[in-house]
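**Q** sharing a sequence plus its predicted fold:
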Amino acid sequence: MIKAGVIGGGAWGTALAQVCATAGLETTLWAREDEVVASVNAGHENASFLPGVTLDAGIRATGDLADLADSDFVLAVAPAQHLRATLAAFAPHVRAGLRIALCSKGVEQGTLKLMTQVLAETLPQAQPAVLSGPSFAGEVARGLPTAVTLACPDPGCAEQLAEWIATPTFRPYFATDMIGAEAGGAVKNVLAIACGIVEGRGLGRSAHAALITRGFSELTRLAVALGGEAATVAGLCGLGDLVLTCSSPQSRNMSVGLALGGGQTLEQALAGKLSVAEGVASAPAVRQLARELGVDAPICEATAAILAGEVDVDTAIRGLLSRPLREE
């Protein structure tokens with residue numbers, strides 16, 4: 001039996017463990033929280049991060065990364081800003097050629113590195129892949145239809161991983177452009193906060209549609225500047241993920257934006273939330289990355305400025321609307 005390891009016991013990691021178990025794989029889920037390990041093993045539920053979803057009884061949770069050492073592949077789902085430390089802790093248990101699919105979406109603060117770069121620096125002996133696309137954890141865990149991108153430079157690896165984790169309701173499309181796949185996922189989280197602000201401010205559906213469209217242009221420019229392909233971000237891992245994340249308060253990032261648009265402070269918007277809104281941490285890194293690459297990204301710039309307390313919501317909106325007129 002194929003052995004799948006999942007690093008990260010949050011909602012998305014748990015949902016992916018459910019996918020692997022449904023696909024008939026021997027699945028081990030690592031979580032840093034003792035209560036998550038106990039809840040999954042004893043009650044077949046992640047009561048902390050995915051309450052109300054009954055998990056496959058075959059999923060085994062553990063707090064010891066060594067238990068993932070004999071996995072045929074690993075899905076790394078630790079939050080982007082904690083991925084480096086988590087992979088470093090896993091390093092003693094990683095054999096050469098282990099396939100590790102990165103499922104976190106973000107840009108590392110300070111280094112401005114994408115997650116594939118973090119993996120290359122911490123586990124150079126691993127074979128990298130990226131899994132990204134429009135997917136709410138609760139829907140995936142409940143078996144609702146979902147399609148994602150699975151990117152790996154080795155087409156054979158991407159196809160093999162896709163075959164292993166595919167289920168009747170979870171459909172991976174394989175690709176080779178990892179940079180495009182992860183750039184789309186990272187930038188869309190920042191744009192989702194902006195869309196939430198528009199909704200929270202009651203600016204209407206026209207403004208919402210315009211922001212998604214112009215935001216997609218920023219996402220594409222940044223992905224291409226990083227070395228990705230425009231065709232990649234026009235698919236599930238870019239446009240698809242952007243549409244989903246910017247269109248529903250189920251999105252953790254959009255919900256933060258809704259709160260900010262409604263007048264709350266960032267501290268109030270984040271209060272009491274266990275799950276991580278990756279866009280909050282990624283926004284300053286995306287802004288700095290765009291500046292260093294010479295990419296025009298006014299929506300990401302404005303969102304980062306709002307989150308940093310450099311400008312209020314209304315001033316940021318006026319700034320975007322008063323930019324010089326230009327060709328589309």
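**A** Thanks, I have the structure now. Residues are numbered from 1 along each chain as shown.
**Q** use CA for all of it now, contacts and neighbours both
**A** Will do.
**Q** centroid residue for this structure?
**A** K105 (3.0 Å; Cα atoms, centre = their mean).
**Q** give the contact list for that one.
**A** Contact analysis of K105 by Cα atoms under 8 Å, 6 or more residues apart in numbering lists P79, A80, M115, S132, E182, G185, A186, N189, E278.
**Q** how about a cut-off of 6 Å?
**A** G185, A186 (Cα atoms under 6 Å, 6 or more residues apart in numbering).
**Q** check L25 too.
**A** Contacts of L25 by Cα under 6 Å, 6+ apart are I2, K3.
**Q** and the helices in the stretch 151-300 of the chain?
**A** Per DSSP state H, counting those that start in this stretch, the stretch 151-300 of the chain carries helices over the ranges 155-165, 178-200, 205-226, 230-233, 241-245, 252-261, 266-270, 278-293, 298-307.
**Q** quick one on the thing from earlier: assign the residue nearest to the centre of the chain to helix, strand or coil.
**A** Here K105 is recorded as coil under DSSP: H, G, I helix; E, B strand; the rest coil.
**Q** circling back: most tightly surrounded among the helices of the stretch 151-300 of the chain?
**A** With neighbours defined as mean count of other Cα atoms under 10 Å, the helices of the stretch 151-300 of the chain peak in mean count at helix 178-200, which reaches a mean of 29.
**Q** for it, packing partners?
**A** Counting contacts by 3 or more Cα pairs under 6 Å, 6 or more residues apart in numbering; DSSP states H and E, helix 178-200 is packed against helix 205-226, helix 230-233, helix 252-261, helix 278-293.
**Q** where in the stretch 151-300 of the chain is pLDDT low?
**A** For the stretch 151-300 of the chain, no stretch is flagged by pLDDT under 70.
**Q** check contacts around F174.
**A** Here F174 is in contact with T149, L150, A151, A158 (Cα under 6 Å, 6+ apart).
**Q** identify the farthest-apart pair in these.
**A** Maximum pairwise distance among the contacts of F174 (Cα to Cα): 9.6 Å, between T149 and A158.
**Q** please report the distance of the residue lying closest to E301 once chain neighbours are set aside from I306.
**A** Leaving aside its sequence neighbours, E301 sits nearest to R287 (Cα to Cα, 6 or more residues apart in numbering; 5.5 Å). Distance of R287 to I306, given as Cα to Cα, to the nearest Å: 12 Å.
**Q** can you check G106 too?
**A** Counting by Cα to Cα, the gap from G106 to I306 is 18 Å.
**Q** P92: neighbouring residues, count only.
**A** Per other Cα atoms under 10 Å, the neighbour tally for P92 reads 12.
**Q** check it and give its pLDDT.
**A** Predicted confidence (pLDDT) for P92: 98.
**Q** how close does it sit to A4?
**A** Taking Cα to Cα, one finds P92 at 18 Å from A4.
**Q** for G43, same thing?
**A** Counting by Cα to Cα - G43 and A4 are separated by 21 Å.
**Q** looking at these two, which one has more neighbours?
**A** A4 (24 against 13).
**Q** for the nearest residue to the more buried one once chain neighbours are set aside, what are its contacts?
**A** Nearest residue to A4, sequence neighbours excluded (Cα to Cα, 6+ apart): T27, at 4.8 Å. Contacts here follow Cα under 6 Å, 6+ apart; on that basis T27 touches A4, G5, A21, I59.
**Q** so for the helix or strand harbouring the third one, mean pLDDT?
**A** In other words, A21. Element membership for A21 (DSSP states H and E) is helix 11-22. Per-region confidence: helix 11-22 scores 98 on mean pLDDT.
**Q** same question, stretch 99-106
**A** In the prediction, stretch 99-106 has an average pLDDT of 96.
**Q** try stretch 26-46
**A** The model assigns stretch 26-46 a mean pLDDT of 98.
**Q** and it, how far apart are its ends?
**A** Rule used - Cα to Cα; the end-to-end distance of stretch 26-46 is 18 Å.
**Q** which one of the helices of the stretch 151-300 of the chain lies nearest to A85?
**A** helix 278-293 (15.9 Å).
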